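>>> this one's structure only:
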């Protein structure tokens, strides 16, 4: 049985960046990472632009200027100003080449034909120079940049419609168990509603992984082996829930062995999630998580998350860990390190009831996991705890 530290280290060392590239429409690039540098095809802004609602002026030695016209955002004709001329102008409008300052309207005295500016007028005032953000041919965003909404907005403002990005992994979610039935069907004796696939699917969607397929298989060895062979051969990652323990009807481990999946580790000294398997076959990473939902989700955040970030070639690949003061008491049973569902808020953390590996009720309202090490048997109020912040 491997330690948590060594298990995380093993995941990092046995998952490689995908580094597969694809060109995607920019509006569908959210959460992706650029696979190449992007140079700007234009100046931004593409013309001298007014930063204020006010008056564009051609400077002279007097405080009074003659009003000779108006410039709105979107105007495609250029007004010519002589020294002593001024034009009403609006934010974002093109500043005439013959204007050398824009004075905000709040500092201008206006009459029908003239304006008076008593002080504060300097060359270049309130004019955004052409190419102030970026010039044609300059680096707009560098390779490896995450395409956030702001980044997509920025590239769109440059007229860019698609981007080269690193392809995200294709992921198969596979659930096992004769007891599992679909929600919406009558719940008969001995059956439970299958929740792991929807839970993990939405955990992946929350992290912007959308190339996900769901597969379900009964507790049958040949069916389990056949389905595993198919999803391993057609995906970058396979996540199985259930069937990895040592019961008479747990067939996942045996099937993985027969399919010649290399076992990196099996069983981690932790609670919940002891019967965790991680292996690989060629370039496919395979995780077999416990069937209990809270254990499966805990293992997802601690281990699968790391593998996903490594596939994206990210440097920081674990969820953030911080210290917080405990508002709760807790007695840990046994000698295994434990991940405890919790609510973190402003430097303090509350441990929740219902820490059983099958219970999702408290996980549903938690935003953190508290890590209780092997040598900690009891948590007291005001103890300093290590907190893992969840990406909720």
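Happy to help now that I have it. Small disclaimer: the values here were computed from a predicted structure and weren't measured. Residues are numbered from 1 along each chain as shown.
>>> may I see the buried residues of stretch 294-301?
Within stretch 294-301, the residues scored as buried using 16 or more other CB atoms under 10 Å are 294, 295, 296, 297, 298, 299, 300, 301. Backbone N, C-alpha and C define where each C-beta goes, glycine included.
>>> and of those, the nearest to residue 93?
Taking CB to CB as the measure, residue 93 lies nearest residue 301 of the buried residues of stretch 294-301, at 50.1 Å.
>>> so what does the helix or strand of the chain with the lowest mean pLDDT touch, helix or strand wise?
For the chain, the helix or strand with the lowest mean confidence is strand 180-181, at a mean of 82 (criterion: mean pLDDT, DSSP states H and E). Counting contacts by 3 or more CB pairs under 8 Å, 6 or more residues apart in numbering; DSSP states H and E, strand 180-181 is packed against strand 192-193.
>>> what comes into contact with the strand it packs on?
With contact meaning CB atoms under 8 Å, 6 or more residues apart in numbering, strand 192-193 is reached by 179, 180, 181, 182, 183, 187.
>>> check what pLDDT the fifth one gets.
We note a pLDDT of 87 for residue 183 in this prediction.
>>> looking at this, it is in a strand?
No: under DSSP: H, G, I helix; E, B strand; the rest coil, residue 183 falls outside any strand and is assigned coil.
>>> which residues touch it?
Residue 183 sits in contact with 193, 194, 195, where contact means CB under 8 Å, 6+ apart.
>>> try it again with 10 Å
By CB atoms under 10 Å, 6 or more residues apart in numbering, the residues touching residue 183 are 193, 194, 195, 198.
>>> so the second one sits against residue 241, correct?
Spelled out, that is residue 194. Yes: under the criterion of CB atoms under 10 Å, residue 194 makes contact with residue 241 at 9.2 Å.
>>> what residues are shared contacts of the two?
Counting by CB under 10 Å, 6+ apart, the shared contacts of residue 194 and residue 241 are 175, 176, 177, 180, 293.
>>> burial count for the fourth one?
Yep, that's residue 180 we're talking about. 21 (other CB atoms under 10 Å).
>>> flag every buried residue along stretch 141-157.
Buried-residue list, stretch 141-157, by 16+ other CB under 10 Å: 141, 145, 146, 147, 151, 152, 154, 155, 157.
>>> want to throw those into a markdown table with secondary structure, pLDDT and distance to residue 353?
Formatted as a markdown table, the buried residues of stretch 141-157 follow (DSSP: H, G, I helix; E, B strand; the rest coil; pLDDT from 0 to 100; distance: CB to CB, whole Å):
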| residue | secondary structure | pLDDT | distance to residue 353 |
| --- | --- | --- | --- |
| 141 | strand | 98 | 46 |
| 145 | coil | 94 | 43 |
| 146 | strand | 92 | 37 |
| 147 | coil | 95 | 40 |
| 151 | helix | 98 | 42 |
| 152 | helix | 98 | 42 |
| 154 | helix | 98 | 46 |
| 155 | helix | 98 | 47 |
| 157 | helix | 97 | 50 |
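>>> okay, strands next: where are they in the stretch 151-300 of the chain?
Assigned by DSSP state E, counting those that start in this stretch, the stretch 151-300 of the chain shows strands spanning 162-166, 171-176, 180-181, 192-193, 212-217, 237-241, 262-266, 277-281, 284-289.
>>> which of these sits most buried?
Of all the strands of the stretch 151-300 of the chain, strand 237-241 has the most neighbours on average by mean count of other CB atoms under 10 Å, namely a mean of 28.
>>> lowest mean pLDDT across the strands of the stretch 151-300 of the chain, which one is that?
Among these, strand 180-181 scores lowest, at a mean of 82.
>>> run the chain-centre distance for stretch 244-253.
Averaged C-alpha coordinates place stretch 244-253 at 34 Å from its chain's average position (CA atoms, centre = their mean, to the nearest Å).
>>> which of the buried residues of stretch 141-157 sit farthest apart?
Maximum distance among the buried residues of stretch 141-157 (CB to CB): 17.8 Å, for 146 and 157.
>>> hang on, the earlier thing: could the contacts of residue 183 be laid out in JSON lines, adding distance to residue 57?
Formatted as JSON lines, the contacts of residue 183 follow (distance: CB to CB, whole Å):
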{"residue": "193", "distance to residue 57": "71"}
{"residue": "194", "distance to residue 57": "71"}
{"residue": "195", "distance to residue 57": "67"}
{"residue": "198", "distance to residue 57": "63"}
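>>> now for the residues you listed: which two are most distant?
Top of the distance list for those (CB to CB): 193 and 198, 9.6 Å.
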